[in-house]
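Colleague: Could you work out the structure for the sequence below:
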Amino acid sequence: MSQIQHSLIVDNKENASNILDNYDTFLIDCDGVLWTAGELLHNTKEILHELICKRKKNVFFITNNSTKSRVQYVEKFKKYDIDFVTPDMIHCSASIAASYLKETHSQTIDNVYVIGEDGLVDELKNAGFKVPIHPKEHSDKKMDEIVMKNIPESDLQSFQGVVIGWDRSFNFYKCCYASLLLQQLDKEGKHTVKGFATNRDKFDKVTPTRMIPGAGAMVSSVEDGASTPLLTLGKPNPFIIDQLCKQHQLDRKKMVMIGDRLDTDILLGINGNVDTLMVLSGVTPLSTAQSNENKINPTFIIETLGS
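Modeller: A predicted model of the protein is given here:
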């Protein structure tokens, strides 16, 4: 073991076993931790089976991917022959957003304009919100100054919220429509539509040398167009940790957040006052974690979850 900027390098089985022994609750990211580019990482199934089935640990999967619902994530685990994961163990940014809105805005938000995919739409509907326009309905529409000027005020006034997640059919029309909604003001000059982002992930790795823009790119374009900031509900917002601790009476001192991103996974742990373990199998290389410019220091660093 060696000390690097306050992060303990986990480099042998004894140290890894100590982590399994010392924590009761494991919060685990998915992309870059369990799988990458559609491929399950080495020993992932074995370590999850050890945690969940043998040691009976509290395990929750926390992902900023908003394209799938919790039920869809269970099916994805099953495709990897991992059949011991249940929906209540999964907290994707789609379900986190829906849960947050239900807890804080159920009396003030009814209709939501969504930029995202089926997983986000399903979770919002399951939480009791209406999505009058499915994102697919705006996927092929064109936008210019004339089209925007002629959108009826009555259409805009029917919405109370905008929720933005990753949308692989994102286009200029959706960007303009969402930004226009966020520009709506009442007679007192106050915004009538509240805006939320499932996450601000800038990109995801497709290959070691290729990255695809994430939801953060879409959130930023709408924010800039509306000159209105959106509240981020997924990682690193500690809402999900607070909620889990409250619902399951969990001890933060016996909890560890595992992920591959400093600015979402590790920062979530820091914001939620829990220890963190960064894996090197995803977005963040060791050189970035060790750099003098980095101010987000994980408690532990390990090569992969299955190391």
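Colleague: Tell me which stretches of the stretch 201-307 of the chain form strands.
Modeller: With strands called from DSSP state E, counting those that start in this stretch, the stretch 201-307 of the chain shows them at 203-207, 210-213, 231-232, 255-259, 275-279, 300-302.
Colleague: Adjacent strands (with direction) for the shortest one?
Modeller: Strand 231-232 has its sheet partners listed here by DSSP bridges as strand 194-197 (parallel).
Colleague: go on, the fifth one?
Modeller: For strand 275-279, sheet partners with direction are given as strand 255-259 (parallel), strand 300-302 (parallel), following DSSP bridges.
Colleague: weakest of those strands in terms of mean pLDDT?
Modeller: Least confidently modelled of these is strand 300-302, at a mean of 95 by mean pLDDT.
Colleague: Give me the contacts around that one.
Modeller: The set of residues external to strand 300-302 that reach it, using CB atoms under 8 Å, 6 or more residues apart in numbering, is 4, 7-11, 16, 19, 256, 275-280, 286, 289. Bear in mind the C-beta positions are built from the backbone N, C-alpha and C, glycine included.
Colleague: Pull out the buried members of the residues you listed.
Modeller: Of the members of the contacts of strand 300-302, the ones counted as buried by neighbours, 16 or more other CB atoms under 10 Å, are 7-10, 16, 19, 256, 275-280, 289.
Colleague: got the residues you listed as CSV, with distance to Asp224 columns?
Modeller: Output for the buried ones among the contacts of strand 300-302, formatted as CSV (distance: CB to CB, whole Å):
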residue, distance to Asp224
Ser7, 35
Leu8, 40
Ile9, 40
Val10, 41
Ala16, 44
Ile19, 42
Val256, 36
Asp275, 36
Thr276, 31
Leu277, 35
Met278, 31
Val279, 33
Leu280, 33
Ala289, 30
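Colleague: ok, the residues you listed vs Ile266, which is closest?
Modeller: Comparing the buried ones among the contacts of strand 300-302 against Ile266 with CB to CB places Thr276 closest, at 4.8 Å.
Colleague: Run a quick neighbour tally on the closest residue in space to the closest one that isn't next to it in sequence.
Modeller: With CB to CB, 6 or more residues apart in numbering as the criterion, Thr276 has its nearest non-adjacent residue at 3.7 Å, and that residue is Gly269. Gly269 has 27 neighbours, counted by other CB atoms under 10 Å.
Colleague: so who does Gly269 touch?
Modeller: Taking CB under 8 Å, 6+ apart, one finds 27, 256-257, 259, 275-276, 298-299 in contact with Gly269.
Colleague: Assign Leu27 to helix, strand or coil.
Modeller: Recorded secondary structure, Leu27: strand (DSSP: H, G, I helix; E, B strand; the rest coil).
Colleague: Identify the residues contacting stretch 146-156?
Modeller: With CB under 8 Å, 6+ apart as the criterion, stretch 146-156 contacts 173, 176-177, 180-181, 184.
Colleague: Now pLDDT too, for those residues, in JSON lines please.
Modeller: Formatted as JSON lines, the contacts of stretch 146-156 follow (pLDDT from 0 to 100):
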{"residue": "Tyr173", "pLDDT": "98"}
{"residue": "Cys176", "pLDDT": "98"}
{"residue": "Tyr177", "pLDDT": "98"}
{"residue": "Leu180", "pLDDT": "97"}
{"residue": "Leu181", "pLDDT": "98"}
{"residue": "Gln184", "pLDDT": "94"}
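Colleague: Emit the ChimeraX select command for whichever of the residues you listed are buried.
Modeller: A single ChimeraX command suffices to select whichever of the contacts of stretch 146-156 are buried according to 16+ other CB under 10 Å:
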select :173,176,177,180,181,184
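Colleague: Sort out which one of the contacts of stretch 146-156 lies nearest Gly234 for me.
Modeller: Leu181 (20.7 Å).
Colleague: gap between the closest one and Phe239?
Modeller: With the distance defined as CB to CB, to the nearest Å, Leu181 ends up 23 Å from Phe239.
Colleague: check contacts around the residue nearest the centre of the chain.
Modeller: Per CA atoms, centre = their mean, the C-alpha nearest to the average position across the chain is that of Asn64, at 1.6 Å. Asn64 makes contact with 29, 92-93, 198-199, 201, 215, 234-235, 264, according to CB under 8 Å, 6+ apart.
Colleague: In helices, which of the residues you listed fall?
Modeller: Among the contacts of Asn64, the members falling in helices are 93, 215 (criterion: DSSP state H).
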